[in-house]
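S.K.: coords please:
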Amino acid sequence: MSGGQRALKTRRVTLRTLAAKKDAGEPIVMVTAYDHPSAQIADEVGVDVVLVGDSAANVVLGYDTTVPVTVEEMLMLTRAVRRGLASALLVADLPFGSYEASDLDAVRTAQRFVKEGGADAVKLERGGTTVERARAVIAAGIPVMGHVGLTPQAAASLGGYRVQGRTADAAEALLAEARALEAAGCFAIVLEAVPAAVAELIVPRLGCVVIGIGAGAAADGQVLVWHDLLGLGSGHVATFVRRFADLRSEAVRGLSAYADAVRSREFPAAEHTYTLPADELDDLRGRLGRESDGDPGA
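M.R.: Residues are numbered from 1 along each chain as shown. Model prediction:
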């Protein structure tokens, strides 16, 4: 790799980078990540944006929904990802209950993710009062990514994890929410689980970057959850997920092989051990032999 290629590889992605990609029609690649090694891999392959999503509640921490995950848990994961990134833009989800009550709550929480977590930007879900929270955070100098459509933090009020915007009224309301978030200053908006035809009408009407997840190919970029796209999870997978690998099966195979090798005493073999010089071993055996003869201090 030449010096110029190395410089290009380590160049930091910024908001201007993303805007330029949108203007050029160059698709933006975004993934979630929740730890240091995942962040390193994302950087190595040239991912543009890494989201420390509150989906960590489900895929990492074992909660049934995203609602219980705390600020402290999300900060720990954000710090780990920050230490693994050199190039990608780092966005952190503000967890449920940490920003909705007031502009002050939103700003203080966002500041923690920037100061303590190392995030470049934060993400807030929904329209409505969230628009005002987003405006306050942006006014405090922190970039905000919005999120409309299926918003997991509000899944209960949406009737569950269901496709959104399936009527003309609902689709028009989605566009209104997205426009309000853009007007508040959001640099990007995630559009989740909406019919592709609706996304095709919404995306050209927005000047900010639009990242799709289950919204078809019209968006400026796409995002998927790390565990979904790499096949690390189990159970139901959403219709919009494509598994690009099957790492869970490979992990089960490898761990089973390890367990079998330990139980059969095949592992560790000689090549997995360290040696001791013969004279040192003889000396040690002599000392331990004297000890067994009742003379530990000899």
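S.K.: check contacts around the most centrally placed residue in the chain.
M.R.: Nearest residue to the geometric centre of the chain (C-alpha atoms, centre = their mean): residue 32, 2.3 Å. Shown in contact with residue 32 (C-beta atoms under 8 Å, 6 or more residues apart in numbering): 50, 51, 52, 53, 55, 56, 223, 224, 225, 226. Bear in mind the C-beta positions are built from the backbone N, C-alpha and C, glycine included.
S.K.: just the element for the nearest residue to residue 185 once chain neighbours are set aside, please.
M.R.: Distances taken as C-beta to C-beta, 6 or more residues apart in numbering place residue 138 nearest to residue 185, at 4.0 Å, with adjacent residues excluded. Element membership for residue 138, per DSSP states H and E: helix 129-139.
S.K.: in that helix, what's buried?
M.R.: 130, 131, 133, 134, 135, 136, 137, 138 (16 or more other C-beta atoms under 10 Å).
S.K.: mind giving me the packing neighbours of that helix?
M.R.: Taking 3 or more C-beta pairs under 8 Å, 6 or more residues apart in numbering; DSSP states H and E as contact, the helices and strands that helix 129-139 lies on are helix 103-115, strand 144-149, helix 168-184.
S.K.: now do the residue nearest to residue 185 against residue 68, distance only.
M.R.: Distance, residue 138 to residue 68, by C-beta to C-beta, to the nearest Å: 28 Å.
S.K.: ok, back up a step: mind checking how far the helix holding residue 138 is from the chain centre?
M.R.: Put simply, helix 129-139 sits 23 Å off its chain's centre (C-alpha atoms, centre = their mean, to the nearest Å).
S.K.: quick one: residues in contact with that helix.
M.R.: Contacts of helix 129-139 (C-beta under 8 Å, 6+ apart): 99-100, 103-104, 106-107, 110, 122, 124, 144, 146, 177, 180-181, 183-186.
S.K.: if we can go back for a sec, which one, of the helices and strands packed on helix 129-139, ends up nearest to residue 201?
M.R.: With respect to residue 201, and counting by C-beta to C-beta, the nearest of the helices and strands packed on helix 129-139 is helix 168-184 at 7.3 Å.
S.K.: next secondary structure after the closest one?
M.R.: strand 188-192.
S.K.: ok, that next one: who's next to it in the sheet?
M.R.: strand 144-149 (parallel), strand 209-213 (parallel) (DSSP bridges).
S.K.: mean neighbour count, these: which tops it?
M.R.: strand 144-149 (a mean of 27; mean count of other C-beta atoms under 10 Å).
S.K.: buried sites along stretch 165-185?
M.R.: Buried residues in stretch 165-185 (16+ other C-beta under 10 Å): 165, 171, 174, 175, 177, 178, 179, 180, 181, 182, 184, 185.
S.K.: with stretch 61-80 instead?
M.R.: In stretch 61-80, counting by 16+ other C-beta under 10 Å, buried: 61, 66-67, 69, 71, 73-80.
S.K.: in strands only, show me those.
M.R.: Using DSSP state E, no member of the buried residues of stretch 61-80 falls in strands.
S.K.: show me where this protein has its helices.
M.R.: For the chain, helices defined by DSSP state H occupy the ranges 3-9, 15-24, 36-44, 56-59, 71-84, 103-115, 129-139, 168-184, 196-202, 226-229, 247-263, 278-292.
S.K.: mean confidence for the fourth one?
M.R.: What that stands for is helix 56-59. What helix 56-59 shows for mean pLDDT is 94.
S.K.: quick one on the thing from earlier: I'd like the buried residues of stretch 165-185 as CSV, with distance to residue 290 and pLDDT appended.
M.R.: Formatted as CSV, the buried residues of stretch 165-185 follow (distance: C-beta to C-beta, whole Å; pLDDT from 0 to 100):
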residue, distance to residue 290, pLDDT
165, 83, 90
171, 87, 96
174, 83, 95
175, 86, 96
177, 82, 96
178, 82, 97
179, 86, 97
180, 84, 97
181, 79, 97
182, 82, 98
184, 80, 98
185, 79, 98
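S.K.: identify the residues contacting residue 258.
M.R.: Residues in contact with residue 258 (C-beta under 8 Å, 6+ apart) are residue 267.
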